[in-house]
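A.B. asks: how would this look folded up:
(chains A and B)
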Amino acid sequence: MNWRKVRIFVLTVLALSLIPATRYYQIDVPLLKILQGSRHVDPLSLHLAGEFVENNLGTEQDADGSVTVRMIAEQYFFVPHCVLVPAGVPVHLRITSADAVHSLTFDGTDYAVKVLPGTISEAQLQFARAGDYKMPCREFCGAGHYAMRSELKVVPREQFSALRPEERENCAQ
Amino acid sequence: MRNRRRLPELAIVIAVLIAASLLLLASDNPLDRVPSYVEWNSQTIAAASSGDAFRGMLLAKRCEHCHGAEGFSAAASTPNLAGMDKLSLWKELEDFRSHKRNSRVMQPIVDSLSARDVADVVAYYAKLPVFDDPQDNRAFPQSQPDPTKAAMASRLVSFGDGERGIPPCQACHGPVAYRPGAPSLMTQNSDYLLDQLQAFARRSRANDINLPMRTVAGLLSEDERKALADYYGSGLGLQPGSSR
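C.D. replies: I've put the predicted structure just below:
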C-alpha cells in the first residue's frame, strides 16, 4: 500500500469539498448555528426551508400536553393571521421576523414579545380563560403598522383536542 | 502491486460516496411547502435589475399579441406590463419558470425563456411609459367606477381596516411604500386584479412569500375585492385620494 498516494488522495478530496459553495452550506452554516446558538435564522429565506416554512406555521401539539406556536412577523401581518390554542395549557411561542422589528402583544394580557429579523424570539405563555384576543403589533414597523393586527382564539382544552390536526394549525378561513 | 491497482477504484468509490452524501445533505425536505424559490437577497435583486432592455424589446415581440405592443393589453383579463416594477415582474416570470405559479397560456412561453431572457424582458417592460400621451393609441382603462364602491376601495387602499387586520394596499403596492416583489397596481386591469384576488383567496394561486396576499385576499369580502379591482382598473390609483 502506497500511503503517500492515499494521503494525496484524501487531501485532494478534502480540498475539493472545501470549494466555497459547498463549504458554505456544509461547514459554515452549521458552524454558525453552533456558534450563535440555535436561535439564528436567515430572515430572507424563511419560506425556503427550515422551521418557518409555511406548512410548519401555527399550533402544534406537543407530547406533554403543551403546545408550540410558530409564527412569522412581516410587514404588515403576523402569519398565520389567526392562531388557535387551548386554554390553561403552556404555550411555547417561537416567532421570527422576515423584515423589520415588530412587537407581538396580546390585548387584555401583559404579554409582549419583541420580534427581530435574524433571531427566533421565544416566550412561554398561558391563557387561563377561553376567548378571543387581538394581537396588535406595538413596535412601529412601517406604513401599514396601524393595521397590523392578528387574532388569537383560545378554546377550551376538550374542544381543542377534538379538532383534527389540520384544524388546529390556524383558524383563518 | 495488487494494492496499487486497487487504489483508483477505492478512490472513485469514496469520491462518489462523498458527493452523494453532500447532495443528500443539501437537498430540500420534500414535505416543505415552498411558495416560491425566489429569495430577495442582493444577488437576486441584482439579477432582476440588470437586464438588457434592447434585447428585451426584441424578445418581447412574442408577448405583444396578448400584453399589447406597448405593454397595455386589449383584454381586461390579461395584465398590463408597461412600467411594471422590475422585481415583481422578474419574480412572477421566475415563478412561472419553476411552476410555482401556474398558467396554461404562460407556461409554454416561459419554458422557452432562459434566466437572461427573463431579466431582459423585465428591463424592457420596466422602461415603457405608464402615463397617457396624445400621440399613442394604447388602450388605457376608461371605465368610471361606482362612487360608493370607489370610496370603499379608497379607504382600503389608503388606510386598510385595522379592526380586521387588513393593512392598506398602498403600504406595499405603492405609492406610499413598496415591498420587494409587490407590483405597482396603478395601471393594472380590473378583471385581471379580481381574478388574482379570488385566486389568492381560494389559494389556487399561492406564490406569495410568507402569505401576505393569501391572508389579505381571504380577509376581504367579495364586494371589497370587486371594488378594489375596479378602483385600480379605472386608473384611480394614479390620483390618490381623488374619489373621496
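A.B. asks: For A:Val67, grab phi and psi.
C.D. replies: When read as degrees, to the nearest 10, the backbone of A:Val67 gives phi -130, psi 150.
A.B. asks: contacting residues around it?
C.D. replies: By C-beta atoms under 8 Å, 6 or more residues apart in numbering or on different chains, the contact list for A:Val67 reads A:Thr59, A:Glu60, A:Gln61, A:Val85, A:Pro86, A:Val89, A:Pro90, A:Val91, A:His92. Every C-beta, even on glycine, is put in place using the N, C-alpha and C of the backbone.
A.B. asks: domain assignment for chain A?
C.D. replies: Here chain A is described, according to automatic domain parsing, as comprising the domains A:3-36, A:45-169.
A.B. asks: Check those domains for me and report the most buried one.
C.D. replies: The highest mean neighbour count among the domains of chain A, using mean count of other C-beta atoms under 10 Å in any protein chain shown, belongs to domain A:45-169: a mean of 18.
A.B. asks: got the end-to-end distance for that domain?
C.D. replies: The straight-line separation of the ends of domain A:45-169 (C-alpha to C-alpha, to the nearest Å) is 22 Å.
A.B. asks: Comparing the domains of chain A by mean pLDDT, which bottoms out?
C.D. replies: Mean pLDDT is lowest for domain A:3-36 out of the domains of chain A, coming in at a mean of 76.
A.B. asks: Output the contacts of A:Val67 in JSON lines, with secondary structure and distance to B:Ser154 appended to each entry.
C.D. replies: As requested, these are arranged in JSON lines below (DSSP: H, G, I helix; E, B strand; the rest coil; distance: C-beta to C-beta, whole Å):
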{"residue": "A:Thr59", "secondary structure": "strand", "distance to B:Ser154": "37"}
{"residue": "A:Glu60", "secondary structure": "strand", "distance to B:Ser154": "41"}
{"residue": "A:Gln61", "secondary structure": "strand", "distance to B:Ser154": "44"}
{"residue": "A:Val85", "secondary structure": "strand", "distance to B:Ser154": "37"}
{"residue": "A:Pro86", "secondary structure": "strand", "distance to B:Ser154": "41"}
{"residue": "A:Val89", "secondary structure": "coil", "distance to B:Ser154": "44"}
{"residue": "A:Pro90", "secondary structure": "coil", "distance to B:Ser154": "45"}
{"residue": "A:Val91", "secondary structure": "strand", "distance to B:Ser154": "39"}
{"residue": "A:His92", "secondary structure": "strand", "distance to B:Ser154": "42"}
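A.B. asks: Which one of those residues is nearest to chain B?
C.D. replies: Within those, proximity to chain B (C-beta to the nearest C-beta) peaks at A:Glu60, which comes in at 13.9 Å.
A.B. asks: which one is that closest one nearest to, not counting chain neighbours?
C.D. replies: Once its chain neighbours are removed from consideration, A:Glu60 has its nearest residue in A:Thr68; the separation is 4.8 Å (C-beta to C-beta, 6 or more residues apart in numbering or on different chains).
A.B. asks: what sits against the one you found?
C.D. replies: The contact partners of A:Thr68, taken as C-beta under 8 Å, 6+ apart, are A:Thr59, A:Glu60, A:Asp62, A:Val91, A:His92, A:Leu93, A:Arg94.
A.B. asks: Mind doing that once more with 7 Å?
C.D. replies: With contacts defined as C-beta atoms under 7 Å, 6 or more residues apart in numbering or on different chains, A:Thr68 is in contact with A:Glu60, A:Asp62, A:His92, A:Arg94.
A.B. asks: what's the second one in contact with, if anything?
C.D. replies: In other words, A:Asp62. A:Thr68.
A.B. asks: Check the last one too.
C.D. replies: Contact criterion C-beta under 7 Å, 6+ apart gives A:Thr68, A:Arg70, A:Ile120, A:Glu122 as the residues in contact with A:Arg94.
A.B. asks: Using the three-state scheme, assign the closest residue in space to it that isn't next to it in sequence.
C.D. replies: Of all residues beyond its chain neighbours, the one nearest A:Arg94 is A:Arg70 (5.1 Å), with distances taken as C-beta to C-beta, 6+ apart. With DSSP: H, G, I helix; E, B strand; the rest coil as the basis, A:Arg70 sits in strand.
A.B. asks: A:Arg70 pairs with what?
C.D. replies: Beta-bridge pairing of A:Arg70 under DSSP bridges involves A:Gly58, A:Arg94.
A.B. asks: Hmm, it is touching A:Leu57, no?
C.D. replies: Yes - with contact defined as C-beta atoms under 7 Å, A:Arg70 and A:Leu57 form a contacting pair (5.2 Å).
A.B. asks: Need phi/psi at whichever residue of chain A sits closest to chain B.
C.D. replies: Sorted by distance to chain B under C-beta to the nearest C-beta, the residues of chain A start with A:Gly144, at 3.2 Å. With angles defined as degrees, to the nearest 10, A:Gly144 shows backbone torsions of phi -100, psi 10.
A.B. asks: Any figure for the gap between it and B:Ile209?
C.D. replies: As defined by C-beta to C-beta, to the nearest Å, A:Gly144 lies at a distance of 16 Å from B:Ile209.
A.B. asks: try B:Gly181
C.D. replies: With distances taken as C-beta to C-beta, B:Gly181 is found 7 Å from B:Ile209.
A.B. asks: Could you do A:Gln124 as well?
C.D. replies: Distance of A:Gln124 to B:Ile209, given as C-beta to C-beta: 29 Å.
A.B. asks: ok, now A:Ser121?
C.D. replies: Here A:Ser121 is placed at a distance of 20 Å from B:Ile209 (C-beta to C-beta).
A.B. asks: swap in A:Arg39?
C.D. replies: Relative to B:Ile209, A:Arg39 is positioned 22 Å away (C-beta to C-beta).
A.B. asks: Tell me which of the two has more neighbours.
C.D. replies: For A:Arg39 versus B:Ile209, the count of surrounding residues by other C-beta atoms under 10 Å in any protein chain shown is larger for B:Ile209: 25 against 14.
A.B. asks: Is the more buried one in a helix, a strand, or coil?
C.D. replies: When the structure is split into helix, strand and coil by three-state DSSP, B:Ile209 lands in coil.
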